[in-house]
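# Predicted model follows, preceded by the sequence.
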Amino acid sequence: MPSLLLHNATLIDATGADPRPHTSVLVEDGRIARVAPAASLTPPPDAAVIDVSGRFLLPGLTDAHVHFGLTENDGRPTRPWAAYALRVAAFIEETLDQGFTTVRDAGGLDPAWAEVVERGLLRGPRILPSAAFLSQTGGHGDFRARHADAFESPVVGLIAGSVVCDGPDEVRRAAREQLRRGATQIKVMASGGAASPTDPIEATQFTVEELRAAVEEAAAQGTYVLAHAYHPRSIANCLEAGVRSIEHGNLMDEATAAAMAREGAFLVPTLITYDVLSRFGPSLGLSRYSLEKVAKVAATGGDAVRMAVEAGVRVGSGSDLLGAMMSQKAQELVIKAGIMGPMAAIISATRTNAELFGLADRLGTVEEGKLTDLIAVDGDPLSDISVLANAARVRLVVKEGVVVKRMDPAE
């Protein structure tokens, strides 16, 4: 791989340090070899040089809660399956062009898609797949209508769907199956959901013993569990079972935030999805019951993030958008910046997510020795973070040292 020099940007390295103007980054063998003042860094003779003067250079963004497999705005997979595959591919490529170089799929996507991207058959971010959702009967991942008994079978290698499992033994078997199929972590549904048709959002789903079975199986393979959980009781069960990542958490209280901090759990808020569903829910066909649930959690999501930050919880970043709404995933940073400040919002979607993924030694900050996942943007995201939510202002994307998007003509 030839050397690459990104020359003379203002660097936001996501370590929490102040921006560094007139800074260059030298890339060798896909890794960051040097970060130094532009005037002092001479590239090797064979290096490609990209002048990013006037631009801001950041780590590639990450999203800890995507659902590439839920391709319609109401969460249904597109039909026929050929159309579904094309839409998944389009959403994956679009995400890379938005500046996201790593994403964690939070359920529904077959891990084969991660392999397709890794093999270079499809342009896209690095995908960390959770495979099928694990849900109890009648839980948030039980997609059957009240009058229906049959489940729709997943298409192995294309869509993972969900697995309904009751009791520790069934949960254990289901977790093992997802890991066998290539899941890099396990997703469980531990409370009711906002958009699901039959379960109240206050419902507590899975027992501690069931949750612990999933945690034990994940730990046996060196990974962890993420849990859809909104309210204190469900979060408490997750913490007792050893769940690492709490998704959403909108109805938490101060005691819950303190408990999360003590246990070292991460919070992945997904504020943008409630904003979008509040505005477009009726046109998407959400029922009145679902719209009421959306309104309830939308009203408390910002407070939950504030509580978590004040308690010292590590707050990551996710979007949880479906279908065409996925194009707005970086708006999560705009909303979060209004609560945490722009630098903290950027860190949540870079360094903190990398820590959550167990990839902090490779990703998340611009430091020597790490993989070269970088973006260059027009405008200062610390004064106007909305520049990160406009794909047209993400002028350059580099993934593992390879330029995968370049909007400016090569010299």
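That came through, no problem. Only a predicted model underlies this, so the values are computations on that prediction, with no experimental measurement involved. Numbers count the residues shown, from 1 in each chain.
# can you tell me which residues contact the spatially most central residue of the chain?
Geometric centre of the chain, nearest residue: residue 64, 1.8 Å, by CA atoms, centre = their mean. By CB atoms under 8 Å, 6 or more residues apart in numbering, the contact set of residue 64 is 103-104, 106, 245, 268, 316-318, 353, 356-357. Every residue, glycine included, has its C-beta placed from N, CA and C.
# so how far is residue 83 from it?
Plainly put, residue 64 is 28 Å away from residue 83 if you go by CB to CB, to the nearest Å.
# now residue 248
Residue 248 is 30 Å from residue 83, by CB to CB.
# out of those two, which sits in the busier spot?
Taking neighbours as other CB atoms under 10 Å, residue 248 and residue 83 compare with residue 248 leading, 29 against 12.
# So in terms of bridging, what pairs with the more buried one?
residue 229 (DSSP bridges).
# how far away is residue 183 from residue 223?
On the measure of CB to CB, residue 183 and residue 223 end up 8 Å apart.
# For the nearest residue to residue 401 once chain neighbours are set aside, the count of nearby residues, please.
Nearest residue to residue 401, sequence neighbours excluded (CB to CB, 6 or more residues apart in numbering): residue 30, at 3.5 Å. For residue 30, the neighbour count with other CB under 10 Å is 16.
# how about residue 30, what does it touch?
Taking CB under 8 Å, 6+ apart, we find residue 30 in contact with 1, 371-372, 400-402.
# before we move on, the earlier item: what's the closest of the contacts of residue 64 to residue 200?
Proximity of the contacts of residue 64 to residue 200 (CB to CB) peaks at residue 106, which lies at 21.3 Å.
# Would you mind measuring from the closest one to residue 113?
Residue 106 is 14 Å from residue 113, by CB to CB.
# Neighbour count: the two, which is higher?
Using other CB under 10 Å as the criterion, residue 106 and residue 113 rank with residue 106 on top: 28 against 25.
# what about the strands in the stretch 101-250 of the chain?
Taking DSSP state E, counting those that start in this stretch to define them, one finds strands in the stretch 101-250 of the chain at 126-129, 133-135, 162-164, 186-189, 225-229, 245-248.
# Neighbouring strands of the third one in the sheet, and parallel or not?
Using DSSP bridges, strand 162-164 pairs in its sheet with strand 133-135 (parallel).
# Only the buried residues of the helix or strand of the chain with the lowest mean pLDDT, if you could.
Sorted by mean pLDDT, DSSP states H and E, the helices and strands of the chain end with helix 288-298, the least confident at a mean of 90. Neighbour-count burial for helix 288-298 flags 290-291, 293-294, 296-298 (criterion: 16 or more other CB atoms under 10 Å).
# Please apply the same query to stretch 17-35.
19-20, 23-28, 30-33, 35.
# for stretch 362-381, same thing?
For stretch 362-381, a neighbour-count test (16+ other CB under 10 Å) marks 362-366, 370-377, 379, 381 as buried.
# which among those gets closest to residue 201?
residue 364 (32.1 Å).
# In a strand, that closest one, correct?
No. Counting by DSSP: H, G, I helix; E, B strand; the rest coil, residue 364 is located in no strand; its state is coil.
# ok now do it, which residues does it touch?
Residues near residue 364 by CB under 8 Å, 6+ apart: 14, 59, 62, 350-355, 370.
# Thought residue 252 was touching residue 232, still the case?
Yes. Between residue 232 and residue 252 there is a contact at 6.0 Å, judged by CB atoms under 8 Å.
# the more surrounded of those two?
residue 252 (29 against 18).
# Quick check: which element contains the more buried one?
Using DSSP states H and E, residue 252 falls within no helix or strand.
# Quick one: residues contacting residue 253.
232, 307.
# ditto for residue 98
Shown in contact with residue 98 (CB under 8 Å, 6+ apart): 61, 327, 329-330, 391, 394.
# do residue 275 as well
Contacts for residue 275 (CB under 8 Å, 6+ apart) come out as 298, 331, 335.
# Can you get me a residue count around residue 139?
Quick note: residue 139 (other CB under 10 Å) scores 27 neighbours.
# dump the residue contacts of it.
Per CB under 8 Å, 6+ apart, neighbours of residue 139: 164, 189, 192, 199, 203, 205-206.
# from the residues you listed, which is closest to residue 91?
When the contacts of residue 139 are compared for distance to residue 91 (CB to CB), residue 189 wins out at 22.4 Å.
# Which residue, neighbours along the chain excluded, lies closest to that closest one?
The shortest distance from residue 189 to any non-neighbouring residue, by CB to CB, 6+ apart, is to residue 140 (4.0 Å).
# distance of that neighbour from residue 114?
Distance from residue 140 to residue 114, by CB to CB: 24 Å.
# Any stretches of the chain with poor pLDDT?
144-145, 147-153, 197, 410-411 (pLDDT under 70).
# I'd like the domain boundaries of it, if you could list them.
4-60+365-406, 61-357 (automatic domain parsing).
# re earlier: the more surrounded of residue 183 and residue 223?
Neighbours of residue 183 and residue 223, each counted by other CB under 10 Å, are more numerous for residue 183; the result is 27 against 18.
# CA atoms only for stretch 117-131, dumped as CSV, please.
The C-alpha trace of stretch 117-131 is given here as CSV (Å, rounded to 0.1, in the frame of the first residue of the first chain):
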residue,chain,number,x,y,z
VAL,A,117,-17.8,-5.3,2.7
GLU,A,118,-14.7,-6.8,4.3
ARG,A,119,-13.9,-8.7,1.1
GLY,A,120,-14.2,-5.4,-1.0
LEU,A,121,-17.3,-6.5,-2.9
LEU,A,122,-19.2,-3.5,-1.6
ARG,A,123,-18.1,0.0,-0.6
GLY,A,124,-19.1,0.5,3.0
PRO,A,125,-18.1,1.1,6.6
ARG,A,126,-16.7,-1.7,8.7
ILE,A,127,-19.8,-3.5,10.0
LEU,A,128,-20.1,-5.2,13.4
PRO,A,129,-23.2,-7.3,13.1
SER,A,130,-25.4,-8.5,15.9
ALA,A,131,-27.3,-10.9,13.6
